[in-house]
Each structure stands twice: as C-alpha cells, then as structure tokens.
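K.L.:
structure for the following, please:
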Amino acid sequence: MTAKYDLKGSTVNREEKDVKSTSTQKDVNFNKHERHIYLEEPEIERFIKIVNKDSFFLNNLKIMDYSLFLIKLEKIDVDNKIEENLEELNEKSEPKLKE
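P.N.:
Alright, predicted model coming up:
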C-alpha cells in the first residue's frame with residue numbers, strides 16, 4: 001500500500017499537513033498528488049452503482065456525510081516476479097558438482 005485517502009468531495013479543512021507513510025490523507029492531498037482514479041470499464045459501472053446505492057440509502061436516513069476511502073496499491077509486474085522466483089528456485093535446486 002503506497003497511500004490512503006479519505007475523500008469527501010470538499011477541500012475545506014481537508015488536508016493532512018503532517019503526512020507519514022501510515023497517514024490517511026484527505027481531498028487536498030489527493031488533488032495535489034493523484035488527481036485521478038483509474039478504473040477499467042466493468043469496474044466503472046460497478047463503482048457508479050455502489051455510490052448511487054449508498055447515496056440513496058444515506059439520503060433516506062437524512063445523512064449527508066459520505067466518504068470514499070481509497071487505497072493506492074503499487075502495481076507489481078506479476079509475470080516478472082514469478083520468473084524471478086522460478087530462476088531463484090532453479091539455482092537453489094541445481095546439484096553441485098564436485099571438482
């Protein structure tokens with residue numbers, strides 16, 4: 001995990017000034033650093049449905065507070081990691097020849 005954000009859609013008092021690796025940052029921090037949420041097509045539709053459903057639910061309860069908790073994960077090249085691990089295993093398992 002490289003960053004956490006609590007997004008409310010406002011910039012009023014929404015900046016974490018003392019950001020540490022464990023900090024949950026806020027809207028202003030997100031706007032300064034990330035600026036976008038990237039989703040693939042199937043996730044976009046699902047995301048919109050969830051936000052609409054949550055908003056409808058909160059509206060029925062007369063609650064106006066809504067946060068989107070966002071976690072940024074570092075992208076890992078899985079294929080490359082698997083290849084590296086296989087090479088390491090092969091090196092360890094090769095028999096050592098006596099000279």
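K.L.:
does residue 5 really touch residue 29, like I thought?
P.N.:
Yes. Judged on C-beta atoms under 8 Å, residue 5 makes contact with residue 29 at a distance of 6.9 Å. Placement of C-beta: from N, CA and C, glycine included.
K.L.:
what about residue 7, neighbour count?
P.N.:
Counted with other C-beta atoms under 10 Å, the neighbours of residue 7 add up to 19.
K.L.:
got phi/psi on it?
P.N.:
For residue 7, the backbone dihedrals (degrees, to the nearest 10) come out as phi -100, psi 130.
K.L.:
and it, what is it in contact with?
P.N.:
26-27, 30, 67-70 (C-beta atoms under 8 Å, 6 or more residues apart in numbering).
K.L.:
take those residues and keep only those in helices.
P.N.:
Under the assignment DSSP state H, the contacts of residue 7 contribute 27, 30 to helices.
K.L.:
got a list of contacts for the helix ranked longest in the chain?
P.N.:
In terms of residue count, the longest helix belonging to the chain (DSSP H) is helix 41-60. Residues outside helix 41-60 that contact it (C-beta under 8 Å, 6+ apart): 39, 64-66, 68.
K.L.:
any of those buried? List them.
P.N.:
When neighbours are counted using 16 or more other C-beta atoms under 10 Å, the contacts of helix 41-60 contain these buried positions: residue 68.
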